[in-house]
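Chemist: Here you go, sequence then predicted model.
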Amino acid sequence: MSRDKVFATRQLPSATLERLSAHCELEVWEDFMPPDYEVILRKVGQLSGLISLLTDRIDAQLMDAGPGLKVISNMAVGYDNIDVAAANERGIPVGNTPGVLTETTADFAFALLMAVARRIPEAKQYIQAGKWRTWHPTVLSGQDIYGATLGIVGCGRIGKAMARRAAGFNMRLLVNSLEDADEISAIGGDKVSLDELLRESDFVSLHVPLTDDTYHLIGKDELAAMKPSSMLINTARGGVVDPAALYEALRDGEILAAGLDVTEPEPIALDDPLLSLDNCLVAPHIASASVATRSKMAEMAADNLIAGLAGQPLPTCVNPEVY
């Protein structure tokens, strides 16, 4: 009896690969860079399962090229790289890896907030440029975090985790989210409109998924509504922010600074004007990058893949209606 063929678009922890190999005929993409779309398209015709990452476009054309595809397991919380509607139409369950990276991502979002507020990257550059000659009362003065106002846009798992961290700094919390006012009040926040949040917040932290409704949610008008002393933190998806508008706002002093773990596009081009700004800290999409979290994400992706191959419900399925 032939075994199910599975393609993983990137290297996973060795323990996960060993476990998967016991359940299927596994092929793993060995290169550091992701496979081109055409590579996956050529392979999918022989596949029963696919383990994808957020860098892989999984669309209707690709699904049609894989008539034997039983499951798509995305090693990420977000799944905007997958056409879920097309998967529904073809009866293919899609898995993701939610929950496990909540605290790790919130840690990083708050780390970005603190690094930008206290100008830590600029301090390193200051030393490396040979400018640290003495202590001075005005050099590299940053912004206080304790007692400041934090605006959270999108209060799902990660947004709520961010709120818990803000409580330790006695921050006033404003929230713009789909959750009702009582649920937001329970975490110490006030539910407000996006406009009020932008006008009142010292820090604005984004935690919404990328959808048609949230694409460039923060653009020229929204940035203009923020205080000149405010800072923007984005660990959601790059497309939630209009990068051209953000550059202009940072350059012209409409807002004070930004910390970005995600960009549009990814990776950011080395000649992108955002990288020329001292008041913009850009990280390479590493908010969930702790050893423990990435290992657990891989295990969850394997759980979904193995269940899908066996015709069982996926433990974390983004389209349960497919059943």
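Modeler: All right, it came through fine. Numbers count the residues shown, from 1 in each chain.
Chemist: Tell me the spacing between Met300 and Val77.
Modeler: Counting by CB to CB, to the nearest Å, the gap from Met300 to Val77 is 10 Å. Bear in mind the C-beta positions are built from the backbone N, C-alpha and C, glycine included.
Chemist: sorry, that was for Pro98
Modeler: Taking CB to CB as the criterion, Pro98 is separated from Val77 by 5 Å.
Chemist: Could you do Ala167 as well?
Modeler: Using CB to CB, we find Ala167 at a distance of 23 Å from Val77.
Chemist: more crowded one of the two?
Modeler: When Ala167 and Val77 are compared for neighbours, Val77 comes out ahead with 23 against 13, by other CB atoms under 10 Å.
Chemist: Phi and psi next, for the more buried one.
Modeler: phi -80, psi -50 (degrees, to the nearest 10).
Chemist: Next up, the contacts around it.
Modeler: By CB atoms under 8 Å, 6 or more residues apart in numbering, the contact set of Val77 is 96-98, 101, 288.
Chemist: and of those, the nearest to Met33?
Modeler: Each of the contacts of Val77 was checked against Met33 using CB to CB; the closest is Ser288, at 19.6 Å.
Chemist: Just the element for that closest one, please.
Modeler: Secondary structure assignment for Ser288, by DSSP states H and E: no helix or strand.
Chemist: Same check on Val204?
Modeler: Using DSSP H and E, the secondary-structure element containing Val204 is strand 203-206.
Chemist: Give me the contacts around the following helix or strand past that strand.
Modeler: Heading C-terminal from strand 203-206, the first helix or strand you meet, by DSSP H and E, is helix 220-225. Contacting residues not belonging to helix 220-225 are listed as 194-195, 198-199, 232, 242, 245-246, 248-249, 254-255 [CB under 8 Å, 6+ apart].
Chemist: Buried ones among those?
Modeler: With burial judged by 16 or more other CB atoms under 10 Å, the buried subset of the contacts of helix 220-225 is 194, 198, 232, 242, 245-246, 249, 254-255.
Chemist: Strands - which of those land there?
Modeler: Where the buried ones among the contacts of helix 220-225 overlap with strands, as defined by DSSP state E, the overlap consists of Leu232.
Chemist: Quick check: the most centrally placed residue in the chain vs Lys5, distance?
Modeler: The residue at the geometric middle of the chain, judged as the C-alpha nearest the mean C-alpha position with CA atoms, centre = their mean, is Ala236 (4.0 Å). Counting by CB to CB, the gap from Ala236 to Lys5 is 34 Å.
Chemist: what residues are up against Thr235?
Modeler: Contacts for Thr235 (CB under 8 Å, 6+ apart) come out as 105, 108-109, 112, 158, 205-207, 261-262, 287.
Chemist: The residues you listed into CSV, with extra columns for pLDDT and distance to Asp36?
Modeler: Formatted as CSV, the entries for the contacts of Thr235 read as follows, by pLDDT from 0 to 100; distance: CB to CB, whole Å:
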residue, pLDDT, distance to Asp36
Thr105, 96, 28
Phe108, 98, 29
Ala109, 98, 32
Leu112, 98, 32
Ile158, 95, 31
Ser205, 98, 34
Leu206, 98, 30
His207, 98, 31
Asp261, 98, 25
Val262, 98, 22
Ala287, 96, 26
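Chemist: Which single one of those is nearest to Pro228?
Modeler: Within the contacts of Thr235, distances to Pro228 taken as CB to CB reach their minimum at Ser205, with 18.3 Å.
Chemist: the helices in the stretch 101-250 of the chain, which residues?
Modeler: With helices called from DSSP state H, counting those that start in this stretch, the stretch 101-250 of the chain shows them at 102-117, 120-128, 157-167, 181-186, 194-200, 220-225, 243-251.
Chemist: Specify the angle between the third one and helix 102-117 in degrees.
Modeler: Counting by axes from the mean of the first three to the mean of the last three CA atoms, to 10 degrees, helix 157-167 points 50 degrees away from the direction of helix 102-117.
Chemist: Distance from the chain centre to helix 157-167, please.
Modeler: Its chain's C-alpha centre and that of helix 157-167 lie 15 Å apart, by CA atoms, centre = their mean, to the nearest Å.
Chemist: which helices and strands does it pack with?
Modeler: helix 102-117, strand 149-153, strand 172-176 (3 or more CB pairs under 8 Å, 6 or more residues apart in numbering; DSSP states H and E).
Chemist: I would like the residues contacting the strand holding Val204, please.
Modeler: Applying CB under 8 Å, 6+ apart, the external contacts of strand 203-206 come out as 109, 113, 117, 145, 148-154, 159, 162, 197-198, 217-218, 226, 230-236, 240-241.
Chemist: next one: stretch 210-219
Modeler: 78, 80, 153, 194, 204, 206, 208, 232, 234, 236-237, 239-242, 245-246.
Chemist: Right, I'll call it a day here.
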